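Q: with the input below, show me the fold.
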Amino acid sequence: MLFSGGFGAGLVFWGVTEPMSHFFSSPFPDQEAQTEEAARVAMGYSFFHWGVSQWSVFAIVGLVIGFLQFRKKKDGLVSTALEPVTGKKPAVKGTIDSLAVIATVMGIATSVGLGVMQMNGGLHAVFGTENAIGTQFLIIAAMLIAYTISSATGLKKGIAYLSNLNLGIALLLLVFVFIAGPTVFILDTFVVAIGDYITKFIPYSLRLQPYQGGEWVLDWTIFYWAWAIAWSPFVGAFVARVSRGRTIREYIIGVMVIPPAIACLWIAVFGGTALYNDLNNGTAIAEAVNQDLNSSLFQVFEYLPLTQLVSVLAILLIFTFLVTSADSATYILASMTSYGSLNPSLYVKIIWGLLMAAIAGVLLYAGGLDALQTASLISALPFTILILLMIVSMVIMLKNEPLPIRKADLRRYRRLEEAANKQKDKVN
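A: Below you'll find the predicted structure:
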């Protein structure tokens with residue numbers, strides 16, 4: 001459910017698109033594109049964008065909300081999470097919750113829009129369906145019907161069943177491409193890219209272009225951070241909801257280690273296969289991706305066995321990821337607008353489902369990928385400040401929390417107490 005509700009649809013879209021885009025046009029102006037060194041940089045930068053930086057944003061929001069909901073027995077609203085810093089004034093709380101709802105809607109609309117564009121590209125590649133806005137509207141309508149039905153069944157049925165289904169399909173595709181593709185190259189690429197990710201983490205995190213000019217960092221790194229921030233109220237609240245009963249340590253490991261590891265493995269398998277073909281087999285996947293981002297995943301399948309079957313499975317995977325992401329988002333948005341209720345009404349969830357579908361459709365009609373990126377950037381700016389305040393709020397709440405007694409300390413205390421009682425008995 002973390003994988004499905006969090007970032008599955010986006011990862012499927014960018015898993016091949018990003019490394020091949022960096023390979024076709026290098027992130028660094030002085031580096032020659034479509035070379036072995038360009039391939040290495042492309043993979044390392046892709047790992048960086050999908051690693052712990054993105055999930056740290058989700059983890060902060062989810063930790064504060066989960067701590068309040070399940071430890072302090074309060075509602076899961078962002079405004080409640082900020083009470084130690086901002087106070088309890090109704091006007092302030094209302095403004096904060098409104099910003100959280102707007103950011104969530106824009107973030108999920110971006111994800112849905114990307115998934116719809118890729119699904120349209122897949123249908124065009126496999127069945128020759130027209131790659132146009134009308135087809136995208138039909139996909140949104142089918143998705144709306146599916147996640148409305150799923151929402152009606154609740155968190156433990158609809159979303160859970162769909163999450164198991166799409167994770168199963170994702171693992172099947174992952175294993176198939178890993179075995180049918182260049183297995184040794186994928187493993188080597190994964191290890192090298194992890195090393196590059198660790199060594200370049202600080203330079204990439206602080207990279208801007210004030211002297212060179214250009215918009216590469218804005219179009220990629222800053223867009224990713226804005227997307228994560230805009231998406232954080234939804235993903236954070238959802239992660240908190242499905243992490244009930246975990247300790248803070250377990251929560252951090254579950255959120256900060258497992259999803260980034262899966263993301264990097266996915267990119268290494270699919271992106272690595274595409275890079276290998278371009279470098280060693282003379283294919284032109286990078287050029288095809290540059291011309292049409294939506295067909296990137298299906299370009300890779302062209303050079304693998306069982307192309308038609310695997311492509312159909314990929315289309316099904318994208319659709320189920322879209323449904324689970326939208327389903328999870330309707331639940332969280334309904335909860336946010338129902339005073340933090342853990343069981344919002346079906347009526348409210350349906351309303352938010354309709355609104356999300358409409359917003360995603362409008363953004364696609366207005367400008368496709370550029371409109372989606374702009375929406376994320378605009379909604380993320382004010383919420384960035386709220387996330388920083390959340391960190392301060394969490395520190396304050398943890399400082400006021402009583403320290404747990406360790407078992408070793410408890411045993412030591414009991415031994416001392418028993419010794420004191422024995423000494424007292426001797427005196428008596």
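
Q: packing partners for the helix or strand hosting residue 413?
A: Residue 413 belongs to helix 407-427 when assigned by DSSP states H and E. Judged by 3 or more CB pairs under 8 Å, 6 or more residues apart in numbering; DSSP states H and E, helix 407-427 is in contact with no other helix or strand. Quick note: C-beta positions are derived from backbone N, CA and C, even for glycine.

Q: how about residue 101: what's its closest non-neighbour residue?
A: Excluding the flanking residues, the one nearest residue 101 by CB to CB, 6 or more residues apart in numbering is residue 336, at 5.5 Å.

Q: return the residues in contact with the one you found.
A: Residue 336 is in contact with 77-78, 97, 100-101, 104, 233, 237, counting by CB atoms under 8 Å, 6 or more residues apart in numbering.

Q: okay, those residues in TSV with secondary structure next?
A: As requested, the contacts of residue 336 are exported to TSV (DSSP: H, G, I helix; E, B strand; the rest coil):
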residue	secondary structure
77	coil
78	helix
97	helix
100	helix
101	helix
104	helix
233	helix
237	helix
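
Q: what is the nearest of those to residue 88?
A: Among the contacts of residue 336, residue 77 lies closest to residue 88 (CB to CB), at 11.7 Å.

Q: look up how far residue 399 lies from the closest residue to the closest one other than its chain neighbours.
A: Spatial nearest neighbour of residue 77, chain neighbours left out: residue 340 (4.5 Å); criterion: CB to CB, 6+ apart. Counting by CB to CB, to the nearest Å, the gap from residue 340 to residue 399 is 24 Å.

Q: quick one: residue 197 and residue 49 touch, right?
A: No: counting by CB atoms under 8 Å, residue 197 sits too far from residue 49 to count as a contact (9.9 Å).

Q: which of the residues in stretch 82-94 are buried?
A: By neighbour count on 16 or more other CB atoms under 10 Å, the buried set for stretch 82-94 is 82-86, 93.

Q: report the rounded mean pLDDT for that stretch.
A: The predicted model assigns stretch 82-94 a mean pLDDT of 85.

Q: how about low-confidence regions in the stretch 1-150 of the chain?
A: Within the stretch 1-150 of the chain, the stretches with pLDDT under 70 are 1-8.

Q: oh sorry, the question was meant for the stretch 301-428 of the chain
A: For the stretch 301-428 of the chain, the stretches with pLDDT under 70 are 367-373, 375-376, 379, 403-410, 427-428.

Q: how are the helices of the stretch 151-300 of the chain distributed by residue range?
A: For the stretch 151-300 of the chain, applying DSSP state H, counting those that start in this stretch gives helices covering 160-180, 183-199, 201-205, 216-217, 223-242, 248-256, 258-280, 285-291, 296-301.

Q: quick one, which of those is nearest to residue 13?
A: Nearest to residue 13 among the helices of the stretch 151-300 of the chain is helix 296-301; the distance by CB to CB comes to 7.9 Å.

Q: contact partners of the strand or helix carrying residue 355?
A: For residue 355, the element it lies in under DSSP H and E is helix 346-367. With contact meaning CB under 8 Å, 6+ apart, helix 346-367 is reached by 105-106, 108-110, 112-113, 116-117, 133, 136-137, 140-141, 143-144, 147-148, 151-152, 326, 329-331, 333-334, 337-338, 371-372, 374-375.

Q: list the buried residues in stretch 380-389.
A: In stretch 380-389, residues buried by neighbour count (16+ other CB under 10 Å) are 380, 382-384, 386-387, 389.

Q: err, stretch 337-351, not the other one
A: Neighbour-count burial for stretch 337-351, counted by 16+ other CB under 10 Å, picks out 337-338, 340, 344, 348-350.

Q: sec struct for residue 88, please.
A: coil.

Q: give the contact list for it.
A: Taking CB under 8 Å, 6+ apart as the definition, residue 88 has no contacts.

Q: can you tell me how far it is from residue 79?
A: For residue 88, the distance to residue 79 equals 9 Å [CB to CB].

Q: and residue 258, by the same measure?
A: For residue 258, the distance to residue 79 (CB to CB) stands at 30 Å.

Q: for residue 426, same thing?
A: On the measure of CB to CB, residue 426 and residue 79 end up 60 Å apart.

Q: look at the two and report which has more neighbours.
A: residue 79 (23 against 7; other CB atoms under 10 Å).
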